[in-house]
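In: Give me the fold of what follows.
(chains A and B)
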Amino acid sequence: MSNPLRSEVVKLYKNLLHLGKQYPKGEDYFRGRLKIAFMKNKDVKDPNTIKDLIARGEYVIKELEAMYYLKKYRAMKQRYYDNKK
Amino acid sequence: MKLLVAVKRVIDYSVKVRVRADGMGMVTDGVKHSMNPFCEIAVEEAVRMKEKKIASEIVVVTCGPKQCQETLRTALAMGADRGLHVEVSGADYESLGPLQVSKLLSAIVRKEDIKMVLVGKQAIDSDCNQTGQMTAALLDWPQGTFVSEVVQEGERLKVTREVDGGLETVSLKLPAVISSDLRLNEPRYATLPNIMKAKKKRIEVLTAEALGVSVASGLRVLRVQEPPRREAGVRVETPEQLVTKLREIGSI
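Out: Numbers count the residues shown, from 1 in each chain, chains lettered A, B, ... in the order given. Sure, this is the predicted structure:
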């Protein structure tokens, strides 16, 4: 059970957990979903498939960061810039 | 060129703020805090200047209680080099306003040989929009406020400002004070690995006395109030009812 990619998977999981703290639907909701998503692939052994899955995880990280940025930007825009109608 | 970026720890933008029971401030205990969004933009701009080799070192500074060091960590994770924490707590922190902060900032600028100060145009908690202007005045430096673009041209900065009804482009002589507007850039996210790395970066703790600044405030908060609550509407079934209702409240 010592897959060389193990540490990368753990790192990905930790990074996603950290991002989940800001999730609009709540950290608990995110954490549950995250765990299910990872557990679904727990039996994957092929290194190339694992690499693909990690790449997908990285993509999700990028998407989340973009979503958080956009959410904040919109909130600021609404509060400070959209008052002239 | 050494840059100073001032950041503020505020109640997170996504939290609904509540007025404290004594009516003299906001409920802050157990409430999520984060870096003021406009300060994030200022930090991002400084980091980009460093990436373009315009800046040599980025110093971030914050004034407030111990928890403010988290905010400094976020700035360090985004790419700032070192942090300064001016510890202000208790009653002094409650009354800490733009004037006191700008006095502290200008004292740090004199001490650290800073060439440019970047601040967010305003904080989302107090909405003062004064710190940048006051700092520039105290230092007697030129200021570029509500900035949506900064370009360095030798010993000058070409700055695009967002003004009512359009954009204004001004040229400032360095050293200068810049206050960021919303459209200056898209701040990067402080990722977990970067936050971990930022723990190795240095944070120096200072006090106002050590900087020779008095943080006494001439202002006194009389009352903090919530805006009036919107009253619930009523549902009418027929146009006749609508007319009667409107008559009742005297609209027609």
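
In: Does at least one residue of the host helix or strand of B:Ala77 sit close to chain A?
Out: Assigned by DSSP states H and E, B:Ala77 falls within helix B:68-78. No. Applying Cβ under 8 Å from any Cβ of the partner chain, one finds helix B:68-78 separated from chain A by no less than 11.2 Å. Using the backbone N, CA and C atoms, a C-beta is placed for each residue, glycine as well.

In: Tell me how many other residues surround B:Cys39.
Out: Other residues near B:Cys39 come to 30 when the count uses other Cβ atoms under 10 Å in any protein chain shown.

In: Which pLDDT value goes with it?
Out: B:Cys39 is assigned 96 on the pLDDT scale.

In: Check B:Pro227 too.
Out: 86.

In: next one: the one 3 residues further on
Out: The per-residue pLDDT reported for B:Arg230 equals 84.

In: do the same with A:Lys14
Out: Confidence score, pLDDT, at A:Lys14: 94.

In: so where is the stretch 101-250 of chain B shaky, pLDDT-wise?
Out: Applying pLDDT under 70 to the stretch 101-250 of chain B picks out no residues at all.

In: what does it have sitting close to chain A?
Out: Neighbours of chain A within the stretch 101-250 of chain B, by Cβ under 8 Å from any Cβ: B:Ile124, B:Leu182, B:Glu186, B:Pro187, B:Tyr189, B:Thr191, B:Leu192, B:Pro193, B:Ile195.

In: can you tell me how far the third one sits from B:Leu3?
Out: Between B:Glu186 and B:Leu3 the distance is 19 Å, computed by Cβ to Cβ, to the nearest Å.

In: thinking again about what came up before, which residues touch the helix holding B:Ala77?
Out: By Cβ atoms under 8 Å, 6 or more residues apart in numbering or on different chains, the residues outside helix B:68-78 that reach it are B:5, B:7-9, B:33-35, B:39-40, B:43-44, B:47, B:60, B:62, B:82-83, B:85, B:187-188, B:190-191, B:194-195, B:197-199, B:201, B:203.

In: now do the same end-to-end measure for stretch B:120-127.
Out: Across stretch B:120-127, the terminal residues are separated by 11 Å (Cα to Cα, to the nearest Å).

In: so B:Met49 touches B:Ser56, yeah?
Out: No. Applying Cβ atoms under 8 Å, one finds B:Met49 not in contact with B:Ser56, separated by 9.7 Å.

In: which of these two has more neighbours?
Out: B:Met49 (19 against 12).
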